[in-house]
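K.L.:
Give me coordinates for this.
(2 chains)
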Amino acid sequence: MKQMLLDWWRIVRSVLSAFLGVQNEHSRQRDFASDSPWPFIIAGVVLALILVIALVLIVHVVLASG
Amino acid sequence: MVELNLTKGYWLFIALYLVVPQVSADLKYNMPVGVTEVSHAVHSLHMTIFWICVAIAVIVFGVMFWSIFHHRKSRGAKAAQFHENTLVEIIWTLIPLVILVAMAVPATATLIKMYDTSDADVDIQITGYQWKWHYKYVNDDIEFFSTLSTPADQIKNEAPKDTNYLLEVDQPLVLPVGKKVRFLVTSNDVIHSWWVPDLAVKRDAIPGFINEAWTKIERSGTYRGQCAELCGKDHGFMPIVVEAKSEQEYSAWVANKQAEKEAAKQAAAASATKEWSHDELMAEGEKVYARICAACHQPTGMGIPSVFPALKGSPVATGNVQEHINIVLHGRPGTAMQAFAQQLSTTELAAVITYERNAWDNNTGDTVLPQAIQAVLDKQ
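P.N.:
Alright, predicted model coming up:
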């Protein structure tokens, strides 16, 4: 269980690094050694949705206060 | 040594920062400060972002040139060979991100202010035409076209040009000072853009859409602008002139405009019964033609081949009178030929059609009377 959580945290970190556009060679090697690309794709889609929702919320908050 | 250089650069930067704003206020190259709260906000936002850019440039190029100079080959510098440095990469990604977000805060505040068209005291519908502006005071039932008034001989370099060359109109848009004015901007034909820098208003005029903008002018005066969206041959010949008047002067202007409208109505009624002679109509028609028609069909009546048809010897101007009246009144859909039924009075229409049928050797001998135009309008 703990291992799985650690794995997911690693994937989320890799996806966030991709959002920022900066990743080190060591992590890249490790990620590309994974068996399946799906966890990365799923994490990417979920985080992109969270980003969009966060932006929509920020706009709502700003417009409501302005 | 290094520290000394950096300190010098810092003081130079401070000196520039103190001196340049004073100078820039007088330079005509900068954005105008303008006469509205929004234009002040836009100007200060512009200056803030300009100075952020200057600071970034000074730091980035300073470090770059310093590095190039101090690590030059003749001094025996050896290039470091390494591939990546994640920490540095994250830093130079995060710093611009923070700067962009920091710039977005004042920019958003200004944008929200610009788009808040609520609670306006005066509503004005602005319609772009090729190539003039139409203003309609929605609450006061006043409307008029505003066309270029720069004389043709100045445009053709036959006379010295005025200070406000191509920035003067026959009827300016008159606005009250200290009142919130809402603009409803649209177009009759192609995309135009209503732009007055001193008000910091620039809004696209798009056929079939209504875009909103607003202003609240602080000082009375004359403010000039231009169409800011390339809209065809005379794009540079449809200026905007805004005259901001005090509230009393504005009310007097509105009353005067309404009286003028009433007088025009009576004059139209009088002219409809008046016996116009052929020569009177020709003289009046020549004036109307020069003001309205010559932009496309040219003063010579020759038009511009393959763009605007000639009227000299044309089948319309020398053929059936009713067909000619019909085209001038209702335009030709799908072409630049506008419908002039609402833009000109029956007398002006009769005069200009008479003129077109007899000028430039067209010599049909026809006289079109205002009554004939009225008859066509009544039939609809």
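K.L.:
For the stretch 201-350 of chain B, which residue gets nearest to chain A?
P.N.:
Nearest residue of the stretch 201-350 of chain B to chain A: B:W214, at 15.4 Å (CB to the nearest CB). In short, each C-beta sits where N, CA and C put it, glycine included.
K.L.:
Hmm, B:K180 and that residue touching each other?
P.N.:
Yes. B:W214 is within contact range of B:K180, at 6.1 Å (criterion: CB atoms under 8 Å).
K.L.:
of the two, who's got more company?
P.N.:
Using other CB atoms under 10 Å in any protein chain shown, the more surrounded residue of B:W214 and B:K180 is B:W214, with 24 against 16.
K.L.:
still on that earlier bit, tell me, what's touching B:W214 and B:K180 both at once?
P.N.:
Counting by CB atoms under 8 Å, 6 or more residues apart in numbering or on different chains, the shared contacts of B:W214 and B:K180 are B:A120.
K.L.:
if I look at the residue lying closest to B:M238 once chain neighbours are set aside, how far off is B:G303?
P.N.:
The shortest distance from B:M238 to any non-neighbouring residue, by CB to CB, 6 or more residues apart in numbering or on different chains, is to B:W131 (4.1 Å). From B:W131 across to B:G303, the span is 16 Å (CB to CB, to the nearest Å).
K.L.:
distance between the ends of stretch B:108-128?
P.N.:
With CA to CA, to the nearest Å as the measure, the ends of stretch B:108-128 fall 29 Å from one another.
K.L.:
Now look at it and say if it contacts chain A.
P.N.:
Yes. Residues of stretch B:108-128 are located near chain A by CB under 8 Å from any CB of the partner chain, namely B:T108, B:A109, B:I112.
K.L.:
which stretch of helix or strand covers the first one?
P.N.:
To tie it back to what came earlier, the one meant is B:T108. Following DSSP states H and E, the helix or strand that holds B:T108 is helix B:86-115.
K.L.:
What residues of that helix count as buried?
P.N.:
For helix B:86-115, the neighbour count (16 or more other CB atoms under 10 Å in any protein chain shown) marks B:I90, B:T110, B:M114 as buried.
K.L.:
Could you list the low-confidence segments of chain A?
P.N.:
Residue ranges of chain A with pLDDT under 70: A:66.
K.L.:
Please apply the same query to chain B.
P.N.:
B:1-27, B:272.
K.L.:
Spell out which residues of it are next to chain A.
P.N.:
Counting by CB under 8 Å from any CB, chain B sits next to chain A at B:H83, B:E84, B:T86, B:E89, B:I90, B:T93, B:L94, B:T108, B:A109, B:I112.
K.L.:
Let me see the residues that make contact with stretch B:126-142.
P.N.:
B:122-125, B:143-148, B:173, B:183-194, B:205, B:227, B:231-235, B:237-238, B:240, B:254, B:257-258, B:261, B:295, B:336, B:338.
K.L.:
Are any of those buried, and if so which?
P.N.:
Looking at the contacts of stretch B:126-142 with 16+ other CB under 10 Å, the buried ones turn out to be B:122-125, B:143-148, B:173, B:183-187, B:189-190, B:192-194, B:205, B:227, B:231, B:235, B:237-238, B:240, B:254, B:257, B:295, B:336, B:338.
K.L.:
Looking at B:W131 and B:G303, which one has more neighbours?
P.N.:
B:W131 (23 against 16).
K.L.:
ok, now how distant is the more buried one from B:I206?
P.N.:
From B:W131 over to B:I206 (counting by CB to CB), the distance is 16 Å.
K.L.:
Now the top helix by length along chain A: buried residues?
P.N.:
Criterion DSSP state H: the longest helix present in chain A is helix A:38-65. Using 16+ other CB under 10 Å as the test for burial, helix A:38-65 gives A:P39, A:F40, A:A43, A:G44.
K.L.:
try stretch B:221-229
P.N.:
B:Y223, B:R224, B:G225, B:Q226, B:C227, B:A228, B:E229.
K.L.:
Could you pull up the contacting residues of the residue nearest to B:A41 when sequence neighbours are not counted?
P.N.:
Spatial nearest neighbour of B:A41, chain neighbours left out: B:T110 (4.7 Å); criterion: CB to CB, 6+ apart. Contacts for B:T110 (CB under 8 Å, 6+ apart) come out as B:V38, B:A41, B:V42, B:L45.
K.L.:
most neighbours, which of those residues?
P.N.:
B:V42 (23 neighbours).
K.L.:
Show the backbone phi and psi for the residue nearest to that residue when sequence neighbours are not counted.
P.N.:
Nearest non-adjacent residue to B:V42, counting by CB to CB, 6+ apart: B:A200, 4.5 Å away. Main-chain torsions, B:A200, degrees, to the nearest 10: phi 50, psi 40.
K.L.:
Relative to B:A259, how far out is B:A200?
P.N.:
Taken as CB to CB, the span from B:A200 to B:A259 is 34 Å.
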